[in-house]
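Peer 1: The following block contains a protein sequence and its predicted model.
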Amino acid sequence: MKTLLDTHALLWLLDGDSRLSQKSRKVFLDRSNNLYFSMASLWEMAIKLSLGKLELRENWYDTLTREMRVNAVHWLPIEPHHCLRLEHLPFHHRDPFDRMLIAQVLAEDMVLLTADPQLSTYAVECLW
């Protein structure tokens, strides 16, 4: 199963956060799943760090990329067809990063691993 990890999902997975569901943990640990993390999420993290809305350890990027490699999580770049998908996406959700994740999930025929109930208002499969 091709699965895109929402920003919080990957951070909680790597941190062992108690908010992580058992189902999410199983999806993450099942090596038959193809896991992806969007460049939109990296962009979101950098912006939130610069605004003081997110706190991460020093060398967070090195840790993130190492853990992604160890856990076989692949980068999903932002491609032109992802951006074009946004043109017809309804405004159920106004967050630009989440909207890009939805566009990527639709364009790449993926499942979204997220705890955000608002994202399930789109015609995508959300797991948590």
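Peer 2: Yep, that arrived.
Peer 1: Which is the succeeding secondary structure element to the helix or strand hosting residue 85?
Peer 2: In this structure, residue 85 sits in helix 80-85 according to DSSP states H and E. Going down the chain from helix 80-85, the next helix or strand is helix 96-108, by DSSP H and E.
Peer 1: buried sites along the helix holding residue 85?
Peer 2: If you call a residue buried by 16 or more other CB atoms under 10 Å, then helix 80-85 has these buried ones: 82, 85. Bear in mind the C-beta positions are built from the backbone N, C-alpha and C, glycine included.
Peer 1: So which elements touch it?
Peer 2: In terms of contacts (3 or more CB pairs under 8 Å, 6 or more residues apart in numbering; DSSP states H and E), helix 80-85 is packed against helix 96-108.
Peer 1: Send over the helix it packs on as PDB, restricted to the C-alpha atoms.
Peer 2: Taking Å, rounded to 0.1, in the frame of the first residue of the first chain, the C-alpha atoms of helix 96-108 are listed here in PDB:
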ATOM      1  CA  PRO A  96      -1.900  25.000   2.200                       C
ATOM      2  CA  PHE A  97       0.400  22.200   3.400                       C
ATOM      3  CA  ASP A  98      -2.500  19.800   4.100                       C
ATOM      4  CA  ARG A  99      -4.100  20.700   0.700                       C
ATOM      5  CA  MET A 100      -0.800  19.800  -1.000                       C
ATOM      6  CA  LEU A 101      -0.800  16.400   0.800                       C
ATOM      7  CA  ILE A 102      -4.400  15.800  -0.400                       C
ATOM      8  CA  ALA A 103      -3.400  16.700  -4.000                       C
ATOM      9  CA  GLN A 104      -0.400  14.400  -3.800                       C
ATOM     10  CA  VAL A 105      -2.500  11.500  -2.400                       C
ATOM     11  CA  LEU A 106      -5.000  12.000  -5.200                       C
ATOM     12  CA  ALA A 107      -2.400  12.300  -8.000                       C
ATOM     13  CA  GLU A 108      -0.300   9.300  -6.800                       C
END
